[in-house]
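# sequence plus the predicted model coming up.
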Amino acid sequence: MEDCIFCKIVEGKIPSEKVFENPKILAFLDINPINKGHVLVIPKKHSENIFDIAEEDLKEVMLAAKKISNAVKKATKCTGINMMQGNGKSASQVIMHFHMHIIPRFDNDNLSFHWETKKYAENEMEEFKENILIELKK
């Protein structure tokens, strides 16, 4: 995609600190890390989000993310890893190219990913379940 910053990184038009590359995947350090060692894993082929990424590309992203997570854990000596991925602006997706964040976490790093939970009204959970099941059968 012409104006996609991640596509420009894949094409070599914008420099990056690559940590992993194969024919389908590129991973590089985030220039604005949440914690040092924060890596982005992207498919080289442009897909905006989870809704349009090819299953094979998604599989490759996840396999690479697992491998890279192990390397990040050892390299940073972190005590945990967050893997995060957003789809659409309302889900905090800023760059519209599918990407997985691998974020090293440390005890007392003062990061928080807590959100306020909601409650279902009576019978509402069953309704959501049924609607999802209907969509899955299509």
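Good, I have the coordinates. Residues are numbered from 1 along each chain as shown.
# tell me the mean pLDDT for the longest helix along the chain?
Of all the elements of type helix in the chain, the one with the most residues (DSSP state H) is helix 55-76. Confidence for helix 55-76, expressed as mean pLDDT, is 98.
# which strands or helices does that helix pack on?
With contacts taken as 3 or more C-beta pairs under 8 Å, 6 or more residues apart in numbering; DSSP states H and E, helix 55-76 sits against strand 18-21, strand 25-29, strand 39-43, strand 80-84, strand 100-105. All C-beta spots, glycine's among them, are computed from the backbone N, C-alpha and C.
# if you compare those strands, which one is most tucked away?
When neighbours are counted by mean count of other C-beta atoms under 10 Å, the highest per-stretch mean among the helices and strands packed on helix 55-76 falls to strand 39-43, a mean of 25.
# so the residue of the chain positioned farthest from its centre: helix, strand or coil?
No residue in the chain sits farther from the centre than Glu122, which is 33.9 Å out by C-alpha atoms, centre = their mean. Going by DSSP: H, G, I helix; E, B strand; the rest coil, the secondary structure assigned to Glu122 is coil.
# next one: the one 10 residues further on
Three-state assignment for Ile132 (three-state DSSP): helix.
# report how many residues lie close to it.
Here the number of neighbours of Ile132 (other C-beta atoms under 10 Å) works out to 10.
# and it, what does it touch?
By C-beta atoms under 8 Å, 6 or more residues apart in numbering, the contact list for Ile132 is empty.
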